[in-house]
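> the sequence and its predicted three-dimensional model are supplied below.
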Amino acid sequence: MAAATTESVARLVADFLRQDVGTTISPEQLQCISQGASGRWIMRCNRPDGSGVICIYWTPDRADNASFVPALRGLLKAGVNVPKLFAFRELEKDCGVCAVEDLGVQTLLSLHGESDQTLRRAYENVLFHLDALHRVQPDWSLQPAFNASLYNWEHEYFAQYLLGQHRNRQDVAQRFLDAAPRKEVISFLASLPRRPIHRDCQSENILLRGGEAFFVDFQGMRLGLPEYDIASLLYDPYMNLRAQLRTELLEYRLNMAGVLPLRRELVELCVIQRILQALGAYANIAHNKKKPHYLQFIPVGEKILLEHCSRIASSSLAAPFAACVRSVLSLSS
């Protein structure tokens, strides 16, 4: 297949909608939401009857792109809140197009700046539905599970792009990679039982409709720690929740009845793990993918991370790693 462009993808999607969904629309009438990011195009089709369809076209540019439809089918079967699947067409190996339910444009991120009461209501609903995702027993192939190599990769990502490239402190990056608490955390996290997790459970990947939360962009699902998803949700630099609200929401989840039990110390560790990965991503995307607006999230992420590390009790399993991270960030600033 020739290299895809937004125009060629729009023509393909319009043909797919006509043949597989029964909706006739011209390529020019499609609204392009995302253009080629990681080999995925996302387009909105507003049908004559007023209903909407989201079409996703993907290439093999990312290993997880082709996992979206199998994950969607599995999550729908399990009763997890995700968009309905209308049609799917495989084009070539690891390349295809699908049409899913249009759940609207309100993301969790769109509530940024709202009152604590509004945010609390939304997050409590997300936490309820996220537990359902963590309880799924997948009968489809997930992405490679969290293991020592993946935890280590997230650390190396942070060291390479945030410390090495963004801060130009290769010496501090190497100091971090050589740190004993970092290696101990990897071994510990990799030894724990795992469950299906979203892997990127942040505010842009949660849609809200009628007060209910729905998950999208779950093609990276894999086995891991549910606490990692909780950390991604509550300590998301995009949302930058007030520290007190984050604490209240975490206590709410830790004390919820009838859900999978979580360990506070694992949440503490996973917050550090997740934000390190996010900081590496912001630096990489800003400098190497020419999207400098991601630079604004680096100081926010660092502030949340340092604030979190300072609150960890000296008796916690996370304390040595927290001290290590605080030292590294101090040296590199």
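Done, it's in.
> from now on I want contacts and neighbour counts done on CA atoms only, so please keep to that.
Will do.
> low-confidence stretches in the stretch 51-200 of the chain?
Residue ranges of the stretch 51-200 of the chain with pLDDT under 70: none are present.
> which ones are touching the spatially most central residue of the chain?
For the chain, residue 200 is the residue whose C-alpha lies nearest the centre (CA atoms, centre = their mean; 1.5 Å). Contacts for residue 200 (CA atoms under 8 Å, 6 or more residues apart in numbering) come out as 217-218, 220, 229, 232.
> ok, now residue 195?
Contacts of residue 195 (CA under 8 Å, 6+ apart): 134-135, 222-226.
> then residue 67?
By CA under 8 Å, 6+ apart, the residues touching residue 67 are 141-143, 219-220.
> would TSV of the contacts of residue 195 with distance to residue 241 and neighbour count be doable?
Formatted as TSV, the contacts of residue 195 follow (distance: CA to CA, whole Å; neighbours: other CA atoms under 10 Å):
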residue	distance to residue 241	neighbour count
134	23	21
135	27	16
222	26	20
223	27	21
224	24	23
225	22	25
226	20	26
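> identify those among the residues you listed that sit within helices.
With DSSP state H as the criterion, helices contain 134, 226 from among the contacts of residue 195.
> let me know the closest of the contacts of residue 195 to residue 57.
Using CA to CA, residue 222 is the member of those that lies nearest residue 57, at 21.8 Å.
> about what we covered before: from residue 100, how far off is the residue nearest to the centre of the chain?
Distance, residue 200 to residue 100, by CA to CA, to the nearest Å: 20 Å.
> just residue 204 next, same as before
Applying CA to CA to residue 204 and residue 100 gives a distance of 17 Å.
> and of the contacts of residue 67, the nearest to residue 10?
Nearest to residue 10 out of the contacts of residue 67 is residue 219 (CA to CA; 22.1 Å).
> mind checking pLDDT for that closest one?
The predicted structure scores residue 219 at 96 on the pLDDT scale.
> quick one: secondary structure of it?
Of the three states, residue 219 takes coil under DSSP: H, G, I helix; E, B strand; the rest coil.
> tally of neighbours for residue 286?
Applying other CA atoms under 10 Å, we find 18 residues neighbouring residue 286.
> so it, which state does it fall into?
helix.
> that one contacts residue 294, correct?
Yes - using CA atoms under 8 Å as the test, residue 286 is close enough to residue 294 to be in contact (5.4 Å).
> sorry, back to before: relative to residue 193, which of the contacts of residue 200 is nearest.
Using CA to CA, the contacts of residue 200 come closest to residue 193 at residue 229, 14.8 Å.
> the closest one contacts residue 205, doesn't it?
No - Residue 229 is beyond contact range of residue 205, at 11.9 Å (criterion: CA under 8 Å).
> would residue 98 count as being in a helix?
No - counting by three-state DSSP, residue 98 is located in no helix; its state is strand.
> who's in contact with it?
Each residue near residue 98 by CA under 8 Å, 6+ apart is listed here: 55-57, 69, 85-89.
> hmm, try it at 7 Å
55-57, 87-89 (CA atoms under 7 Å, 6 or more residues apart in numbering).
> of the residues you listed, which pair is most distant in space?
Based on CA to CA, the longest span within the contacts of residue 98 runs between 57 and 87 and measures 12.0 Å.
> residue boundaries of the helices in this structure?
6-16, 68-78, 116-134, 148-157, 170-178, 180-190, 226-234, 243-254, 264-288, 297-311, 319-332.
> deepest-packed of those, please.
The highest mean neighbour count among the helices of the chain, using mean count of other CA atoms under 10 Å, belongs to helix 226-234: a mean of 24.
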